[in-house]
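Enquirer: Structure, please.
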Amino acid sequence: MSGAGKKIVDVAFKAGKTIDWEGMAKLLVSDEARKEFATLRRAFDEVNTQLQTKFSQEPEPIDWEYYRKGIGSRLVDIYKQAYDEVKIPQYIDNVTPQYKPKFDALLIELKEAEQKSLKESERLEKEIADVQELKMKLSTMTADEYFEKHPELKKKFDDEIRNDYWGY
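Expert: Purely as a prediction, here's the structure:
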């Protein structure tokens with residue numbers, strides 16, 4: 001196999017090993033997204049399998065002597081000469097260098113968005129816990145207990161009472 005073909009197969013094999021399919025699947029919310037993800041994984045596995053089997057093997061050498069006996073040496077020599085003259089060009093990757101910086105920038109942006117999302121998620125979980133706690137205690141909570149948790153509201157009410165502003 002040519003060096004480029006082998007490189008492609010190696011990269012595809014390594015990519016298949018490093019993809020965290022289960023981790024990505026846990027992030028999916030809708031059933032439609034799960035179906036699309038399963039389709040993507042199946043397609044990736046099919047392509048990867050083809051690369052591993054079909055394209056990773058060296059072609060078997062041609063037994064020219066076998067054909068010389070059956071067909072004749074002159075015709076076989078013409079085919080052998082034509083076969084030997086075929087040069088498979090080396091693959092030169094001109095695309096990756098163009099898109100690698102863009103991809104790296106997107107990865108950085110993704111990491112920043114992930115951190116921001118995790119912080120927001122943490123904040124929302126804390127807020128949900130506070131609301132659930134408040135919901136449970138609301139029927140037995142006194143005004144003093146509520147103002148203890150929300151001192152800014154206590155200050156607002158105290159200012160309104162002090163300034164003789166009763167809301168009407």
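Enquirer: mind checking how far V76 is from P61?
Expert: 14 Å (Cβ to Cβ, to the nearest Å). Where C-beta positions appear, they are placed from N, C-alpha and C, glycine not excepted.
Enquirer: The two: who's more crowded?
Expert: Taking other Cβ atoms under 10 Å, V76 and P61 do not tie; V76 has more neighbours (18 against 6).
Enquirer: Might one say that that one is in contact with R68?
Expert: Yes. The pair V76 / R68 is scored as a contact, 4.8 Å apart, by Cβ atoms under 8 Å.
Enquirer: The residue nearest the centre of the chain: what secondary structure?
Expert: By Cα atoms, centre = their mean, the chain has its centre lying nearest to M24, at 6.8 Å. With DSSP: H, G, I helix; E, B strand; the rest coil as the basis, M24 sits in helix.
Enquirer: Show me what the one helix or strand A82 maps to is packed against.
Expert: Here A82 sits within helix 73-85, counting by DSSP states H and E. When contacts are defined as 3 or more Cβ pairs under 8 Å, 6 or more residues apart in numbering; DSSP states H and E, helix 73-85 sits against helix 64-70.
Enquirer: about what we covered before: and the next helix or strand past the helix holding A82?
Expert: That would be, after helix 73-85 and using DSSP H and E, helix 96-137.
Enquirer: Lowest-scoring secondary structure element of this structure by mean pLDDT?
Expert: Within the chain, no helix or strand scores below helix 3-18, which has a mean of 57 by mean pLDDT, DSSP states H and E.
Enquirer: Next, the residues that contact the helix holding A82 from outside, please.
Expert: Applying Cβ atoms under 8 Å, 6 or more residues apart in numbering, the external contacts of helix 73-85 come out as 62, 64, 67-68.
Enquirer: ok, so of those residues, who is nearest I161?
Expert: The shortest approach to I161 among those belongs to I62, at 100.5 Å (Cβ to Cβ).
Enquirer: how near is the closest one to K69?
Expert: Taken as Cβ to Cβ, the span from I62 to K69 is 14 Å.
Enquirer: And D104, by the same measure?
Expert: For D104, the distance to K69 - Cβ to Cβ - is 59 Å.
Enquirer: go on, T140?
Expert: For T140, the distance to K69 - Cβ to Cβ - is 102 Å.
Enquirer: got the end-to-end distance for stretch 63-74?
Expert: Terminal residues of stretch 63-74 are spaced 15 Å apart (Cα to Cα, to the nearest Å).
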